[in-house]
Every structure is written in structure tokens, then in C-alpha cells.
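K.L.:
need coordinates for the following:
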Amino acid sequence: MHSAAGRGTWLFCTLRDFQLKWLAGDATAAVILAAIAIPEQLATAELAGMAPIAGLLAFAAGTAAFAAFGMNRYMSVGADSTIAPIFASSLALIAAANSGHYATLAAVLAVLIGVALLVAGLLRVGWIADLLSVPVTTGILAGISAHVIIGQLPALLGIDAPHGPLIGRLIEIVRQLPQAHLYPLAIGVAVVAIATFAERCSARIPGALIGLVLAGAIVWLFGLDRRGVAMMASLPVTPPPRTLAVPSWGEFTQLLPLALTVALVCMMQTAVVARSFPSDPDGRDELSRDFIAVGAGNILAAVLGAFAVNSSPPRTAAVAQSGGRSQLAGLLALVIVAAAVLLAAKAFALVPEAALSGVLIFVGLRIFRIEIMAHIYRQGGWEILLVAASAVFVVVFSIQTGVTMSIVLALLHGIYIVARPKTAILARIPGTTIWWPRVPGGPGAQEPGVLVFAPAAPINFTNATYVRRRLMEAIDALPEPCRLVVIEANGIIDIDYTGAQVLLQLIDDLRKQKIDVALARLESQQAQNSAARTGLIAALGADHVFRSVEDAVRG
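P.N.:
Next comes the predicted model:
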């Protein structure tokens with residue numbers, strides 16, 4: 001749609017080629033963004049253990065910083081329901097929620113997260129965001145969803161909120177069900193239903209805001225606040241006092257790993273948002289600049305007395321789908337939010353707490369991605385177990401511990417895939433010179449005494465011995481004595497020192513058994529260089545390296 005305007009510049013690059021004809025689309029997107037952001041940011045502040053105004057300040061910080069430094073034209077940054085439960089559950093172990101010390105720690109944490117994102121952006125290490133696979137990410141979000149929903153049930157049911165581990169809290173909530181109150185339950189369920197229905201109709205409909213307004217009107221009309229329905233307080237029109245201070249060493253050692261975990265989640269989500277809503281049709285958006293912008297938003301949020309911010313997939317989708325063309329949409333939405341706070345701060349006291357809990361439950365249901373889970377189950381096979389394991393980690397342990405364990409699980413899964421690569425025995429398709437993986441019972445011919453073996457991975461220290469073992473098993477399974485092994489190397493993109501040493505020993509051992517070895521289709525330049533440097537080509541002999549399997553078999 002647009003070129004990456006202002007490439008090489010640092011400030012407001014998405015506005016540098018702004019055209020007047022975009023104004024109408026940006027203004028429309030701004031109204032929709034503000035209508036979605038107000039209830040969402042208020043609810044996320046509660047999720048983060050902070051005052052409601054802190055959520056709107058987080059939105060202001062994220063929006064202003066990203067407009068100034070970001071590259072993506074559509075991305076919306078602010079308080080985020082994905083990261084809020086992660087850091088809130090950990091901060092609550094250090095300080096009481098909504099206390100001054102808690103706000104101080106939240107601000108310091110936002111600075112640490114911001115610095116981590118700035119460093120990641122400056123070093124261009126966006127590949128780190130790819131460390132989490134889709135199944136593991138889906139499981140993490142499912143676990144966070146459980147924390148969000150169960151955490152809001154007491155307010156929805158009008159009962160005392162239990163403390164402790166999530167499973168224990170759920171058991172206590174079930175025990176208190178006979179004491180539940182009908183009015184807050186009906187209000188919360190209605191808000192969830194309205195928000196869900198509106199989202200299914202169109203991303204442009206601010207269902208959460210509509211639900212809050214209707215809930216407030218019903219409470220006022222029927223006087224439900226005098227019948228045990230708890231209400232929010234008016235929003236202060238002045239920002240909270242600055243809370244940035246130096247934590248103790250013990251607190252710092254607790255905050256640093258938490259900051260790195262949250263920063264990784266921010267990078268992952270920002271990468272997903274940027275790739276889902278690219279503003280450059282040629283794919284030249286600079287993800288590193290977006291990391292820097294989100295990092296700057298975190299630091300600005302700390303200065304304003306708010307908490308950590310992140311990119312938002314649903315708000316970004318609303319901007320893109322409602323005609324937004326630049327970050328002016330976010331800046332105009334910020335003006336609308338500020339006007340709403342200044343002109344209608346007292347009106348927030350008409351909003352029942354159960355309605356805000358309904359918004360949070362709607363958010364929790366939205367991040368429980370059942371459709372993606374079904375897709376993984378149908379196409380990913382056993383990878384659905386990664387979803388289940390990650391969700392269990394987050395539910396059973398603290399969110400930070402569960403996310404950390406899930407990251408380790410994703411890394412172990414990646415290592416396993418490399419360490420145990422797929423290998424195939426190839427056969428010639430009848431009437432052709434094409435060699436293809438052999439299918440039991442399918443067409444394909446093999447040369448007597450010839451094994452064409454294809455490993456589908458780089459050969460390195462993690463898998464070289466495994467690949468050798470698989471090849472020897474294939475030789476033993478031949479119906480006649482083997483005289484030639486052709487390694488089809490199209491899938492070998494690299495060979496490290498250990499892998500080369502194992503292959504060199506394999507060549508020597510096979511030749512002692514009167515089995516010749518040839519190499520075919522080593523197409524990767526990096527693998528070719530490695531094979532030459534480590535002596536693998538010399539050991540084979542240049543006359544044993546071929547461009548096709550057919551040449552190797554007939555050579």
C-alpha cells in the first residue's frame with residue numbers, strides 16, 4: 001500500500017509522506033480505536049494491579065512513543081492483557097497491589113523491559129521472537145486466559161476474592177457459589193455477550209464500550225448500586241505521582257529475569273502484529289525499529305507513572321480495518337481519550353465493577369485461541385501436546401515460571417527436531433531419472449546394491465551420530481550386499497566440524513567394507529564451503545561429487 005516512508009529517519013517516519021486524503025480514514029480509525037481502548041485499558045490496569053488511570057496513561061505512552069519512533073503504520077501500543085498477568089502475578093509476591101511500592105516496582109520493571117527492547121532493536125536480534133513456536137505460544141495464551149477469567153470470577157459473582165495458587169482459588173470460588181449474587185453476574189455476562197457479538201459482527205463496533213455504557217445506564221435506572229452492586233470510582237483528572245525509584249538489590253534480582261521474560265513476549269507479539277498487518281507491501285518494514293518504539297513506550301510509561309506496554313493485535317486490526325493509513329490515527333485517538341477523561345471523569349463512577357470484569361473475561365476468552373488449537377490438532381499431530389503442556393505450566397505454576405518453562409520447552413522441541421531429523425531412502429520413479437522418497441507399495445525402482453540416502457537437516461554435533469546410525473540401518477536392510485551409498489545432500493544446508501568428522505569416519509569405515517560413497521546435490525554454498533574446508537570433498541574425491549543422483553548411480 002505504502003512505501004516505508006522516512007527510511008533512515010527516526011522521528012514520525014509514518015507521517016513524513018502523509019497525504020490529506022488519508023485524514024478521513026485516520027479520523028474514523030481514531031474514533032473506533034478510542035472507543036475500544038478506553039474500556040480495554042481500564043480493565044487491563046485492574047489486571048495489572050494498578051489504578052484505572054494508569055491504564056489510560058499506558059495507552060498514552062505507548063501510542064505517543066510508537067508514533068514517534070515506530071515504522072508500522074497501523075500498530076497500536078498500550079496496556080496489554082497478555083503481559084499484564086505475567087508481571088502482576090510476580091510483583092504481587094513483592095508488594096501489595098495498588099500500593100505505592102507496587103507502582104514503583106511496576107515503573108522500574110517497565111524501564112527494564114524498555115531497555116531490553118531498545119537493546120534488541122539496536123542489535124537487530126528480531127530472530128529471538130521466533131524462538132517460541134505457534135503451539136507453545138498458543139498454550140501460554142491459554143494458560144494466561146485461565147488466570148484472567150478465574151481472577152475475575154469473584155467480582156462477577158459478588159463474592160470474596162480468594163488468594164493463593166490458581167487451582168486453589170478456583171476450588172474456593174466453587175465452594176462460595178451458594179453465596180453468589182445475581183445482579184453482578186447478570187451484568188458481567190451481558191457485557192461479555194455484547195462484546196462477543198459485536199466483535200463477530202465487525203471489528204469496528206466497540207462492543208466493550210457499549211456494554212459498559214448499557215451496564216451503567218441499567219444500574220442507574222434501577223438503583224442497583226443500592227442493592228449490592230459495587231461501582232468504580234471517578235477517574236482522577238491529574239496524573240499519579242511519579243513512582244520511579246531505585247529498587248533494593250534483592251528486588252532488582254527479582255525484576256531482571258521478569259523483565260527479560262516480558263520483553264521476549266513483547267518481541268514475539270510485536271513481530272506477529274507487524275507480520276499480520278504489514279504497512280509496506282514489499283515487506284521492508286523494519287521490525288527492529290518497532291522493537292525500539294515499543295521499548296521507548298515502556299520507558300515513557302514509567303515516567304508517566306504507568307506500567308509496561310506492548311503492541312495489541314486486536315487494536316491494530318481495528319485501525320487497519322477501519323481505514324487508518326498512518327500513526328495519526330493513534331495520536332487522534334489519544335486526544336479523544338484525553339478529552340473523555342477531562343470532560344467525563346465523574347461518569348466512570350457509574351460503571352459497575354462487574355461490567356469491567358466482563359470486559360476482562362471477554363479479553364480472556366479472546367486470547368484462548370480454540371480455532372488455532374483445532375488447526376494444530378488437525379495438521380500438527382502430536383504438537384497439540386506442546387499446547388497442552390505450555391497451558392498446564394502456566395496454570396499450575398506462577399505465570400512467569402510457566403512462561404519460562406514453556407520457552408525452555410520450545411527450545412528443547414527445536415533442538416529435538418534438529419537432533420533427530422527425518423531421513424529418507426530414495427527410489428527412481430519408473431521411466432525417469434528422478435529419485436524420490438520411497439513409499440511402501442508405491443512405484444519406484446532401486447538399483448541392486450545401491451542405497452540412496454537423504455538426510456533432511458544440516459549435519460552437526462547434535463545429529464551426526466544419529467544420521468550415521470540411520471544410514472547403517474538402511475544398509476543392513478538392503479536385500480543384497482551394498483556396493484554404493486549415495487548421500488543425496490539437497491537437505492544438508494551446513495556441516496559443522498563434528499558432523500564432518502563423523503562423515504569422514506563413516507566414509508573410511510564403509511570403504512573398508514568395500515562400499516563406495518558418493519555425494520549428490522550438495523547445493524548449499526555454505527555446506528559446500530564447509531565440506532571443502534573440513535576435508536570431506538578431498539576424502540570423497542572430486543570424481544565422487546555429482547550434481548544429480550542419477551549421475552552418481554551411473555558414475
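
K.L.:
low-confidence ranges, the stretch 151-300 of the chain, go.
P.N.:
Counting by pLDDT under 70, the stretch 151-300 of the chain has low-confidence residues at 239-244, 280-285.

K.L.:
ditto for the stretch 301-450 of the chain
P.N.:
Within the stretch 301-450 of the chain, the ranges that satisfy pLDDT under 70 run 441-444.

K.L.:
would you map the strands across it?
P.N.:
310-311, 423-428, 435-437, 450-455 (DSSP state E, counting those that start in this stretch).

K.L.:
deepest-packed of the ones you listed, please.
P.N.:
Ranked by average neighbour count under the criterion mean count of other CB atoms under 10 Å, the strands of the stretch 301-450 of the chain are headed by strand 310-311 at a mean of 30. For the C-beta atoms, the positions are set from N, CA and C on the backbone; glycine is no exception.

K.L.:
just checking: what are the partner strands of that one?
P.N.:
If you go by DSSP bridges, strand 310-311 pairs up with strand 77-78 (antiparallel).

K.L.:
domain map for this structure?
P.N.:
Listed by automatic domain parsing, the domain ranges of the chain are 22-174+244-347+370-415, 423-554.

K.L.:
the longest helix anywhere in the chain packs against which elements?
P.N.:
For the chain, the helix reaching the highest residue count under DSSP state H is reported as helix 249-276. In terms of contacts (3 or more CB pairs under 8 Å, 6 or more residues apart in numbering; DSSP states H and E), helix 249-276 is packed against helix 84-91, helix 100-122, helix 287-304, strand 310-311, helix 313-321, helix 399-419.

K.L.:
looking at those, which one is packed in the most?
P.N.:
Of the helices and strands packed on helix 249-276, the one with the most neighbours on average (mean count of other CB under 10 Å) is strand 310-311, at a mean of 30.

K.L.:
and for the spatially closest residue to residue 230 that is not a sequence neighbour, the neighbour number?
P.N.:
Distance criterion CB to CB, 6 or more residues apart in numbering; nearest residue to residue 230, sequence neighbours excluded, is residue 353 at 4.4 Å. Neighbours of residue 353 under the rule other CB atoms under 10 Å: 20.

K.L.:
residue 353 is in contact with residue 155, isn't it?
P.N.:
Yes. Here residue 353 reaches residue 155: they are 5.3 Å apart, a contact under CB atoms under 8 Å.

K.L.:
joint contacts of those two?
P.N.:
When contacts are counted by CB atoms under 8 Å, 6 or more residues apart in numbering, residue 353 and residue 155 are jointly contacted by 184, 230.

K.L.:
pLDDT below threshold where in the stretch 1-150 of the chain?
P.N.:
Looking at the stretch 1-150 of the chain by pLDDT under 70, you get 1-9, 129.

K.L.:
now the strands for the stretch 451-555 of the chain?
P.N.:
For the stretch 451-555 of the chain, applying DSSP E, counting those that start in this stretch gives strands covering 484-488, 516-520, 545-546.

K.L.:
for the residue nearest to residue 230, give me its contacts.
P.N.:
Counting by CB under 8 Å, 6+ apart, residue 353 makes contact with 155, 184, 229, 230, 231, 232.

K.L.:
CSV for those residues, including secondary structure and distance to residue 324?
P.N.:
Shown next, in CSV, are those (DSSP: H, G, I helix; E, B strand; the rest coil; distance: CB to CB, whole Å):
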residue, secondary structure, distance to residue 324
155, helix, 34
184, helix, 36
229, coil, 37
230, coil, 36
231, strand, 34
232, coil, 30
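
K.L.:
of those residues, buried ones?
P.N.:
Neighbour-count burial (16 or more other CB atoms under 10 Å) is assigned, among these, to 155, 184, 229, 231, 232.

K.L.:
out of these, which one sits closest to residue 514?
P.N.:
For these, the closest approach to residue 514 (CB to CB) belongs to residue 155, at 78.4 Å.

K.L.:
correct me, but that closest one touches residue 161?
P.N.:
Yes. Counting by CB under 8 Å, residue 155 touches residue 161, with 7.4 Å between them.

K.L.:
thinking again about what came up before, make CSV out of the strands of the stretch 301-450 of the chain and add distance to residue 211.
P.N.:
CSV is the format used below for the strands of the stretch 301-450 of the chain (distance: least, CB to CB, whole Å):
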stretch, distance to residue 211
strand 310-311, 24
strand 423-428, 55
strand 435-437, 55
strand 450-455, 56
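
K.L.:
which of these sits closest to residue 199?
P.N.:
With CB to CB as the measure, strand 310-311 is the member of these nearest residue 199 (18.7 Å).

K.L.:
on that earlier part again, among the helices and strands packed on helix 249-276, which comes closest to residue 168?
P.N.:
Smallest distance to residue 168 across the helices and strands packed on helix 249-276 (CB to CB): 13.9 Å, for helix 84-91.

K.L.:
angle of the closest one against helix 249-276?
P.N.:
170 degrees (axes from the mean of the first three to the mean of the last three CA atoms, to 10 degrees).

K.L.:
and helix 84-91, how far out from the chain's middle?
P.N.:
17 Å (CA atoms, centre = their mean, to the nearest Å).

K.L.:
who are the packing partners of that helix?
P.N.:
Secondary structure elements in contact with helix 84-91, counted by 3+ CB pairs under 8 Å, 6+ apart, are helix 23-47, helix 100-122, helix 134-157, helix 249-276, helix 399-419.

K.L.:
how about these, which one is nearest residue 366?
P.N.:
When those are compared by CB to CB, helix 134-157 sits nearest residue 366, at 8.3 Å.

K.L.:
returning to what we had before: make TSV out of the domains of the chain and add distance to residue 213.
P.N.:
Below are the domains of the chain laid out as TSV (distance: least, CB to CB, whole Å):
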stretch	distance to residue 213
domain 22-174+244-347+370-415	9
domain 423-554	57
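
K.L.:
what's the most buried one of those domains?
P.N.:
For the domains of the chain, the highest mean count by mean count of other CB under 10 Å goes to domain 22-174+244-347+370-415, at a mean of 21.

K.L.:
show the end-to-end separation of that one, please.
P.N.:
This stretch, domain 22-174+244-347+370-415, spans 47 Å end to end (CA to CA, to the nearest Å).
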